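> Below: sequence and its predicted model.
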Amino acid sequence: MSANASLPLIILLGAVSALTPLAIDMYLPAMPAIAETLGSNSHRVQATLAAYTGGFALGQLLFGPWSDAKGRRPVLLGGMVVFAIAAMLCAMATSVESLTWLRAAQGFAGAASAVVVQALVRDLFNREDFARTMSYITLVMTLAPLIAPMLGGHLAHWFGWRSIFWVLAGFTAIIALLCSFRLPETLPQARRQPLHLGSILRSYLRLLTTPVALGFMLCGAFSFAGMFAFLTGASFIYIEIYGIAPQHVGYLFGLNVISLMAFTIFNGRWVHRLGSRNMLRLALGLQLLAGLLLPIGPLMGWGLWSVVAPIMLYVGVISTIGSNSMASLLSSLPNLAGTASSMAGTLRFGSAALVAGFVALLPDGSPLYMLITMSGCTLLAALAYFVLCERRAQVEG
């Protein structure tokens, strides 16, 4: 597929990939308002994020094998329809309990888009081209977390937090309509895998018992979970500790997205020269450095920017870690692209749900707990890669 021919597909898949960042980032500045409106507290509203990520993790266990058996298009389109319906129901929630369950259902449906996008790209490209193409898709996708917190903050300020979910439902409906007309089926009948429980379990067992495959999955999972520690606690920390206005919190989130875009562009341009494994090593090293710097500011009594700056570096390299770890994983298992993508996504969002739930239980009043959690996550990511992948290199770099 030529670069010109693939550009519309990249833009469309970037928009599909943006659904989950929109579903997460748009409502973050509104969390205090949601707590007030529904008569709840910060911990219970933060738990709605853990519910979304937990549902997302479980959904990937189903949608990966399903897309390997039935094709990419039907799984993607069906997931987006349910996702839009769940968003509308979230807008009508009358209690934090109902919102929590609806967010879990929305996350479950949203898993279809994440699994299918990665598997679809793997259908079309080799390892380095996969990493580069996913970088460009991520670049399009990162417009969502750049705009979403600012949009969500202003929507909540002017129209109330429920408007956030109505806008999300409308955007999803538009993207689903475009996909129904423009998205090709990329998995031919000859490459489809039978949808049998035994074969699915054997495929998952194969992934979990292959050290290098497990290392790539855990590396991406722990790195991603660290970002969710930030997403869970950041709004309350910025608003209640540092005194940032809710409608301005999005600008601080936007700085992270600018960093993410810069590293994504760098990865897209250099991955062919350096190789996906070397790009992964570089990104892990930078995130580990950021993790070491994170707790220093609060411990020294420094201000807001001593926290914001290392977070920008930490979040900035997440796409580079994710795309290159996934490229290395899927290149070793081309006939199980959907299943491997499912398992990797389940571990990624499962760990994110656990970390988000953990941060929601931490004491209020200091950013230190959240930042130390982020540091621990990147340390685990580095250990998973260097112990399982570097020492037992079974996949070509």
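On my side now, so go ahead. Numbers count the residues shown, from 1 in each chain.
> so where's this structure shaky on pLDDT?
1-5, 127-128, 142, 334-335, 337-338, 364-365, 392-397 (pLDDT under 70).
> Spit out the contact partners of the residue lying closest to residue 342 once chain neighbours are set aside.
Closest residue in space to residue 342, ignoring its immediate chain neighbours: residue 64 at 2.4 Å, by C-beta to C-beta, 6 or more residues apart in numbering. Using the backbone N, CA and C atoms, a C-beta is placed for each residue, glycine as well. Residue 64 makes contact with 115, 119, 338-343, 345, according to C-beta atoms under 8 Å, 6 or more residues apart in numbering.
> now with 10 Å?
With C-beta atoms under 10 Å, 6 or more residues apart in numbering as the criterion, the residues that contact residue 64 are 75, 111-112, 114-116, 118-119, 200, 203-204, 336-346.
> repeat for residue 280
Remark: with contacts taken as C-beta under 10 Å, 6+ apart, residue 280 is in contact with 131, 216, 219-220, 267, 271, 274, 317, 320-328, 385, 389, 397.
> Just the element for the residue nearest to residue 79 when sequence neighbours are not counted, please.
Residue nearest to residue 79 in three dimensions, not counting chain neighbours: residue 112, with 2.5 Å by C-beta to C-beta, 6+ apart. Take DSSP states H and E as the rule and residue 112 turns out to sit in helix 96-124.
> Please point out which parts of that helix sit buried.
Using 16 or more other C-beta atoms under 10 Å as the burial criterion, the residues of helix 96-124 that qualify are 96, 99-123.
> Next secondary structure after that helix?
Downstream of helix 96-124, the next assigned helix or strand under DSSP H and E is helix 127-141.
> Give me the angle between that following helix and helix 96-124.
Computed by axes from the mean of the first three to the mean of the last three C-alpha atoms, to 10 degrees, the angle separating helix 127-141 from helix 96-124 equals 140 degrees.
> Using CSV, write out every CA atom in stretch 239-257.
Listed next in CSV are the C-alpha coordinates belonging to stretch 239-257 (Å, rounded to 0.1, in the frame of the first residue of the first chain):
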residue,chain,number,x,y,z
ILE,A,239,-7.5,21.6,41.0
GLU,A,240,-7.5,21.0,44.8
ILE,A,241,-3.8,21.2,45.7
TYR,A,242,-2.3,23.5,43.1
GLY,A,243,-5.5,25.7,42.7
ILE,A,244,-5.9,25.4,38.9
ALA,A,245,-9.3,26.3,37.5
PRO,A,246,-11.2,23.3,36.1
GLN,A,247,-11.5,24.9,32.7
HIS,A,248,-7.7,25.4,32.6
VAL,A,249,-6.7,21.9,33.6
GLY,A,250,-6.9,20.8,30.0
TYR,A,251,-4.0,23.1,29.1
LEU,A,252,-1.7,21.2,31.5
PHE,A,253,-2.9,17.9,29.9
GLY,A,254,-2.3,19.4,26.5
LEU,A,255,1.4,19.9,27.4
ASN,A,256,1.7,16.1,27.8
VAL,A,257,0.1,15.5,24.5
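> Excluding covalently adjacent residues, which one is nearest to residue 285?
Once its chain neighbours are removed from consideration, residue 285 has its nearest residue in residue 382; the separation is 7.9 Å (C-beta to C-beta, 6+ apart).
> Give me the neighbour count for that neighbour.
Using other C-beta atoms under 10 Å, residue 382 has 20 other residues around it.
> Do I have it right that it meets residue 290?
No: under the contact definition of C-beta atoms under 10 Å, residue 382 does not touch residue 290, with a separation of 11.7 Å.
> Setting aside sequence neighbours, what's the nearest residue to residue 351?
residue 225 (4.1 Å).
> one step back: for residue 84, see how far away the residue nearest to residue 342 is.
According to C-beta to C-beta, to the nearest Å, residue 64 stands 21 Å off from residue 84.
> right, and the helix or strand after the one helix or strand residue 171 maps to?
Under the assignment given by DSSP H and E, the secondary-structure element containing residue 171 is helix 162-182. Note on helix 162-182: by DSSP H and E, the next helix or strand toward the C-terminus is helix 197-209.
> gap between that next one and the chain center?
On the basis of C-alpha atoms, centre = their mean, to the nearest Å, the separation between the geometric centre of helix 197-209 and that of its chain is 24 Å.
> The helix or strand following it vs helix 197-209, what angle?
Proceeding N to C from helix 197-209, the next assigned helix or strand is helix 211-236, under DSSP H and E. Interaxial angle of helix 211-236 relative to helix 197-209 (the same axes, to 10 degrees): 80 degrees.
> Now do whichever helix or strand comes after helix 211-236: which elements does it pack against?
Of the helices and strands lying after helix 211-236 in sequence (DSSP H and E), the nearest is helix 249-274. Judged by 3 or more C-beta pairs under 10 Å, 6 or more residues apart in numbering; DSSP states H and E, the packing partners of helix 249-274 are helix 19-25, helix 127-141, helix 143-159, helix 211-236, helix 276-293, helix 305-316, helix 318-332.
> the inter-axis angle of the fifth one versus helix 249-274?
Direction vectors for helix 276-293 and helix 249-274, defined by the same axes, to 10 degrees, enclose an angle of 140 degrees.
> Buried residues in helix 276-293, which are they?
Of the residues in helix 276-293, those buried by neighbour count under the rule 16+ other C-beta under 10 Å are 276-277, 279-284, 286-288, 290-291, 293.
> Go through those residues and say which is closest to residue 88.
Residue 88 lies nearest to residue 287 out of the buried residues of helix 276-293, by C-beta to C-beta, at 36.9 Å.
> list the contacts for that closest one?
With contacts taken as C-beta under 10 Å, 6+ apart, residue 287 has the following neighbours: 222-223, 226-227, 310, 313-318, 320-321, 374, 377-379, 381-382.
> returning to that earlier point: any idea of the angle the helix holding residue 112 forms with helix 162-182?
Angle of helix 96-124 versus helix 162-182, following the same axes, to 10 degrees, is 30 degrees.
> Use 42 as the first number for this chain going forward.
That works, and once the first residue is 42, the last one we named lands at helix 137-165.
> quick one: helix 137-165 to chain centroid distance?
Using C-alpha atoms, centre = their mean, we find the averaged C-alpha position of helix 137-165 to lie 10 Å away from the chain's own average C-alpha position.
> ditto for stretch 157-170
17 Å.
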